[in-house]
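1. okay, here's the prediction I keep looking at, along with the sequence it came from:
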Amino acid sequence: DGGITQSPKYLFRKEGQNVTLSCEQNLNHDAMYWYRQDPGQGLRLIYYSQIVNDFQKGDIAEGYSVSREKKESFPLTVTSAQKNPTAFYLCASSVLAGTYNEQFFGPGTRLTVL
Amino acid sequence: DAKTTQPTSMDCAEGRAANLPCNHSTISGNEYVYWYRQIHSQGPQYIIHGLKNNETNEMASLIITEDRKSSTLILPHATLRDTAVYYCIVRGHILTGGGNKLTFGTGTQLKVEL
């Protein structure tokens, strides 16, 4: 089945530790995105990538880092510089061509920093 | 991208039509209206999009006013599984500088009840 996978579903870390969230897609999409969602709020864009080895900051990139070494993978690292990392993290992907780009979302990773 | 305004919450009886409004009075001529929904603790799901004509697919209908300043998402026969947060998003055409970013507000919490 084609889709986007994120692992793990729940993640716990101690304050001050870096943590990497996984995102893999087998949809052959060029573009991938990372969003953060806090309780009762909409999604906010952290980083996005339109092509391998290239990515751009979104609205709230501080304290996060990404890489795009493969088309299928777009891991997100939450660093110790992120002041309030506890949140629900969502990965998405889309095509770039065409008149619009429906974004397909993964199931999300809920990160709790203790 | 144009800002959107949606009611915070709505209720609907199962089997009845759910009509979710969205105001986007500052929308420009090349901006599309997108609707996504998010069931609790899952990733958002694309529903439908449109430019100026009414659109219908297997999930919903989208009615855009003639001046394009508002739209309504219609779920013709709502079921309990349609309980979710519904997001109305306005963004430009990818080929005219609209980019790939989706800006999510807080959406409308639709509760479908027996």
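-> Okay, I see it.
2. who is the residue nearest the centre of chain A paired with across the strands?
-> Nearest to the geometric centre of chain A sits A:W34, at 2.8 Å (C-alpha atoms, centre = their mean). According to DSSP bridges, the partner residues bridging A:W34 are A:Y47, A:C91.
3. list the contacts of it.
-> A:23, A:45-48, A:58, A:64, A:66, A:74, A:76, A:89-92 (C-beta atoms under 8 Å, 6 or more residues apart in numbering or on different chains). C-beta: built from backbone N, CA, C; applies to glycine.
4. now for those: which two are most distant?
-> A:Y64 and A:A92 (15.4 Å; C-beta to C-beta).
5. how about low-confidence regions in chain A?
-> Of all residues in chain A, those with pLDDT under 70 make up the ranges A:1-2, A:97-100.
6. how close does the closest residue to chain B within chain A sit to A:Q25?
-> At 3.0 Å from chain B, A:F105 is the closest residue in chain A, using C-beta to the nearest C-beta. For A:F105, the distance to A:Q25 equals 10 Å [C-beta to C-beta, to the nearest Å].
7. shared neighbours, those two?
-> Residues touching both A:F105 and A:Q25 (C-beta under 8 Å, 6+ apart): A:4, A:91.
8. look at B:I27 and say how many residues are nearby.
-> Neighbour count for B:I27, taken as other C-beta atoms under 10 Å in any protein chain shown: 24.
9. how near is B:R68 to chain A?
-> Distance of B:R68 to chain A, computed by C-beta to the nearest C-beta, to the nearest Å: 16 Å.
10. surely B:G50 and B:I64 touch.
-> Yes: B:G50 lies in contact with B:I64 (C-beta atoms under 8 Å); the separation is 5.5 Å.
11. anything in contact with each of the two?
-> B:33, B:71.
12. how far away is the residue positioned nearest the centre of chain B from B:L110?
-> Closest to where the C-alpha atoms of chain B average out (C-alpha atoms, centre = their mean) is B:W35, at 3.2 Å. Going from B:W35 to B:L110 by C-beta to C-beta gives 12 Å.
13. now do the shared contacts for the two.
-> Overlap between the contact sets of B:W35 and B:L110, as judged by C-beta under 8 Å, 6+ apart, is given by B:20, B:86.
14. return the helix or strand in chain B with minimum mean pLDDT.
-> Every helix and strand of chain B was ranked by mean pLDDT, DSSP states H and E. The lowest is strand B:84-92, at a mean of 91.
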